[in-house]
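Asks: turn this into a model:
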Amino acid sequence: MTLSGTRPRLSVTWQLDKWGDLVRPKSRTASRTIPIRPEVVEALADWQEQQALWRDRLGDEWGNHHDLVFSTRTGGPLWTRNVSRAFDRVLGQAHVDHGSLKTLRSTVATQLAEAGVHPRKAQAFLGHADMSTTMKYYTAIGDLDDLAALLPDL
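Replies: Got it, this is the predicted structure:
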């Protein structure tokens, strides 16, 4: 992860498979570098400081050999079920009774559509190998009344 410069980026180079093993991303487009916002850079820098404290305490026992952005306190990869449980706790604290981590991806895709981002750019940002996957979630639903003015005169 690059935390400096005018265009901070986060590289996606590892992912957990369904058995909890670290593997390379499943497709060419899934292995990518994505831009991140300055406030996310600040939060990640704080997180790296926390990881450095854990690494210093554990020494040779530190297990983050793949330079993962997110890890356990011992440096291991995060298990999907633990991330989901933490996400569910946040939903509860926010008094939101629905949604999942996948919902966030759909929300981002829709926000990109609403902002007028070209679908090919959205596809690259979201890491979809196929445009059909992007278009499934890239659904800007705005004010439908404005659409009537776009129709040709009949």
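Asks: per-residue pLDDT of residue 71, please?
Replies: At residue 71, the pLDDT value in this model is 87.
Asks: what's the distance between the residue nearest the centre of the chain and residue 57?
Replies: Centrality entry for the chain: nearest residue to the mean C-alpha point is residue 105, 7.2 Å, by CA atoms, centre = their mean. Distance, residue 105 to residue 57, using CB to CB, to the nearest Å: 35 Å. All C-beta atoms are positioned from the backbone trio N, CA, C, and that covers glycine.
Asks: ditto for residue 76
Replies: On the measure of CB to CB, residue 76 and residue 57 end up 15 Å apart.
Asks: just residue 67 next, same as before
Replies: Applying CB to CB, the value for residue 67 to residue 57 is 18 Å.
Asks: repeat that for residue 64.
Replies: Residue 64 sits 13 Å away from residue 57, going by CB to CB.
Asks: for residue 135, same thing?
Replies: From residue 135 across to residue 57, the span is 48 Å (CB to CB).
Asks: before we move on, back to that, show me which of residue 76 and residue 57 is the more surrounded one.
Replies: residue 76 (15 against 11; other CB atoms under 10 Å).
Asks: skipping adjacent residues, who's closest to residue 25 in space?
Replies: In space, and not counting its chain neighbours, residue 25 is closest to residue 31: 4.3 Å by CB to CB, 6 or more residues apart in numbering.
Asks: okay, now the one you found: neighbour count?
Replies: 15.
Asks: let me know the pLDDT of it.
Replies: pLDDT for residue 31: 70.
Asks: could you do residue 74 as well?
Replies: Reported pLDDT at residue 74 in the predicted model: 93.
Asks: quickly list the domain ranges of the chain.
Replies: As assigned by automatic domain parsing, the chain contains the domains 1-77, 79-143.
Asks: now the weakest link among these, please, by mean pLDDT.
Replies: Note on those: lowest mean pLDDT is at domain 1-77, with a mean of 80.
Asks: now find how far off-centre it is within its chain.
Replies: Distance, stretch centre to chain centre, for domain 1-77: 12 Å (CA atoms, centre = their mean, to the nearest Å).
Asks: same check on stretch 82-93?
Replies: From the chain centre to the centre of stretch 82-93 is a distance of 16 Å (CA atoms, centre = their mean).
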